[in-house]
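Visitor: Sequence plus the predicted model coming up.
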Amino acid sequence: MSSVSWAPVRAVTAATVCAASLWAVPGPAAADGPHGIDDLRAGAHAAEAPGEAPGSESRLDRRGVQFLPRPDVPEPPEVSALSWMVTDMADGKILAAKDVHRPLPPASTLKTLFALTVLPKFSQRAVHTVSLEDLAGIEAGSSLAGLKEDMPYQVADLWHGVFLSSGSDAVHTLASMNGGWRKTIDDMQETARRLGARDTRVESADGFDTPGQVSSAYDLSLFGQAGLTDPDFAHFASTKRAELPQDGGPDAFTIQNTNRLLVGSHGVRPYDGLIGVKNGYTTHAGNTLIAAARRDGRTLLVTLMNPQSGGRNAVYEEARDLLDWGFEAAPRAAAVGVLPGPAPGERTGESQPVAHRPRPVPLHKAGVAAQPDGERLTRYWWFLSAAGAVGLIAVAGLGTALWRRRRTVRESPAGESESA
């Protein structure tokens, strides 16, 4: 065969290689870690709002009020809180929000994280005698439940002191039982990490103003949601009044929940259907509130941080306005994000959900399943294209080898052949 007859082979080979190189250009990256489709962080995929492209900026990361207008859905009310969020607990749909990841001091709403961390560790009927060491280190100006040294209390009494009176003496006592103040802070930080609360930095277990301590409306919503899946937490968060100690006696007295929206006090009307959760106040944090209410089978969770209107009951009245709006808008409102539920096995014990069923957080390959169909098809096409490109390159290589072999034989001296 002459050299001219091999020209088409060379041309086809070159064209094949060029085509294969074009086919091999990657499509959308199928990142598999550390924060790609195999991202194991709680809520890493579930937090994307419907219609948002995976990996795009979440609406919850944006500044200002986030709400998707619809003709039949009223706009959320104007409130003065620096940060707030309204969530439908049935599916975690966030109906509207403002600056939900803004780091702000949480005040006593941080006690919800304390309860999530310590509440499962002790039987409610266990008895503990309060010691002087238990009460050491309480900051001046802290709220107190009124625990007395050398007096025995059931653990349930201590939790009444935490939830109703927001008592730092009850927090310090339970923290002492848990192994100490510093250990409890570290445990709380680990609980926040497991829940996906990445805006929270714990420096004081009772929420007292401490340099560096912050949380966010998003994280506090995570804490409130997780707490309401635990019957003990839900019970204490919704209790209006209790005897301390609950067994009575000559030293017993009545304590009342400081959540004005729950009990109705100081000029605030109780909210119909409210089931807790926790309020807070410090000079630095201002007023903070996590509130949940249930009506007609729907449970809404509202979180507010630091209203600026100046009204003494602003946090409660603004929560009322957001709850009223949420119950009206929830059936038709579009989500601006999704609050992921606690992962299966997140809580200790076998307690069943009270306010809603926790939703599984997508893990590992579930992240791929959560992607839009179009992107999955694109990924599959890319893999098929890559496989085809490999095959074409192999064919091209074979053609080139045959051409080189023929050329070598043709140009070798007579009587010699190419060795295998």
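Guide: Here it is on my side, so go on.

Visitor: OK, contacts around the nearest residue to residue 76 once chain neighbours are set aside?
Guide: Using CB to CB, 6 or more residues apart in numbering and skipping residues adjacent in sequence, the residue nearest residue 76 is residue 96, 4.3 Å away. Backbone N, C-alpha and C define where each C-beta goes, glycine included. By CB atoms under 8 Å, 6 or more residues apart in numbering, the contact set of residue 96 is 65, 66, 67, 76, 85, 86, 325, 326, 329, 333, 336.

Visitor: Show me the helices in this protein, by range?
Guide: For the chain, applying DSSP state H gives helices covering 7-23, 111-118, 155-163, 168-177, 181-195, 217-228, 231-238, 260-263, 314-329, 366-369, 373-411.

Visitor: Among these, show the one with the smallest mean pLDDT.
Guide: Ranked on mean pLDDT, the bottom entry among these is helix 366-369, at a mean of 30.

Visitor: List buried residues within the contacts of residue 96.
Guide: 66, 67, 76, 85, 86, 325, 326, 329, 333, 336 (16 or more other CB atoms under 10 Å).

Visitor: Out of the residues you listed, the closest to residue 175 would be?
Guide: Distance to residue 175 across the buried ones among the contacts of residue 96 (CB to CB) is lowest for residue 85, with 28.4 Å.

Visitor: In contact with that closest one, which residues?
Guide: 94, 96, 97, 98, 100, 217, 218, 221, 302, 303.

Visitor: Adding distance to residue 255, write these out as CSV.
Guide: What follows is these, written out as CSV (distance: CB to CB, whole Å):
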residue, distance to residue 255
94, 34
96, 35
97, 34
98, 34
100, 32
217, 28
218, 31
221, 27
302, 25
303, 25
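
Visitor: May I ask which of the residues you listed has the most neighbours?
Guide: Comparing the contacts of residue 85 by number of neighbours (other CB atoms under 10 Å), residue 303 comes first, having 33 neighbours.

Visitor: I'd say that residue and residue 292 touch.
Guide: No - in this structure residue 303 lies outside contact range of residue 292 using CB atoms under 8 Å: 9.7 Å.

Visitor: Overlap in contacts, the two.
Guide: Counting by CB under 8 Å, 6+ apart, the common neighbours of residue 303 and residue 292 are residue 224.

Visitor: pretty sure residue 341 is touching residue 91, no?
Guide: No - using CB under 8 Å as the test, residue 341 is too far from residue 91 to be in contact (9.1 Å).

Visitor: between those two, which one's more packed in?
Guide: Remark: of residue 341 and residue 91, residue 341 carries more neighbours, 25 against 13, as counted by other CB under 10 Å.

Visitor: how far away is the more buried one from residue 294?
Guide: From residue 341 across to residue 294, the span is 17 Å (CB to CB, to the nearest Å).

Visitor: Do you know the pLDDT at residue 332?
Guide: pLDDT, read off for residue 332, is 96.

Visitor: Tell me who's in contact with it.
Guide: By CB under 8 Å, 6+ apart, the contact list for residue 332 reads 70, 72, 73.

Visitor: who wins for most neighbours among those?
Guide: Top of those by neighbour count (other CB under 10 Å): residue 73, with 19 neighbours.

Visitor: list the contacts for that residue?
Guide: 329, 332, 333, 334.

Visitor: Go again with 6 Å.
Guide: By CB atoms under 6 Å, 6 or more residues apart in numbering, residue 73 lies in contact with 329, 332, 333.

Visitor: same check, this time on residue 291
Guide: Counting by CB under 6 Å, 6+ apart, residue 291 makes contact with 261, 302, 319.

Visitor: Serialize these to a markdown table and add fields for distance to residue 172.
Guide: Formatted as a markdown table, the contacts of residue 291 follow (distance: CB to CB, whole Å):
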| residue | distance to residue 172 |
| --- | --- |
| 261 | 27 |
| 302 | 29 |
| 319 | 29 |
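
Visitor: Residue 145 versus the nearest residue to residue 195 once chain neighbours are set aside, what's the distance?
Guide: Spatial nearest neighbour of residue 195, excluding adjacent residues (CB to CB, 6+ apart): residue 222 at 5.1 Å. Distance of residue 222 to residue 145, given as CB to CB: 26 Å.

Visitor: before we move on, what about residue 276?
Guide: 17 Å.

Visitor: More neighbours: which of these two?
Guide: residue 276 (27 against 23).

Visitor: Skipping its backbone neighbours, what lies nearest that one in space?
Guide: Take residue 276 and drop its neighbours on the chain: the residue closest to it by CB to CB, 6+ apart is residue 237, 3.0 Å away.

Visitor: from memory the one you found sits against residue 277, does it?
Guide: Yes - Residue 237 is in contact with residue 277 according to CB atoms under 6 Å; the separation is 4.6 Å.

Visitor: of those two, who's got more company?
Guide: Neighbours were counted for residue 237 and for residue 277 using other CB under 10 Å; residue 277 has more, 32 against 27.

Visitor: That one and residue 223 touch, don't they?
Guide: No - distance between residue 277 and residue 223: 8.3 Å, which falls outside the contact criterion (CB under 6 Å).

Visitor: tell me, what's touching these two both at once?
Guide: By CB under 6 Å, 6+ apart, no residue touches both residue 277 and residue 223.

Visitor: Would you mind listing where the stretch 201-350 of the chain has pLDDT under the threshold?
Guide: Scanning the stretch 201-350 of the chain for pLDDT under 70 picks out the ranges 344-350.

Visitor: actually the stretch 51-200 of the chain, not the one I wrote
Guide: For the stretch 51-200 of the chain, the stretches with pLDDT under 70 are 51-57.

Visitor: Could you rerun that using 90?
Guide: 51-58 (pLDDT under 90).

Visitor: Going along the chain, name the strands of it.
Guide: Counting by DSSP state E, counting those that start in this stretch, the stretch 51-200 of the chain has strands at residues 65-66, 83-88, 93-98, 127-129, 152-154.

Visitor: for those, which one sits closest to residue 252?
Guide: Closest of those to residue 252 is strand 152-154, at 10.7 Å (criterion: CB to CB).

Visitor: Flag every buried residue along that closest one.
Guide: For strand 152-154, a neighbour-count test (16+ other CB under 10 Å) marks 153, 154 as buried.

Visitor: contact partners of that strand?
Guide: Contacting residues not belonging to strand 152-154 are listed as 125, 127, 129, 245 [CB under 6 Å, 6+ apart].
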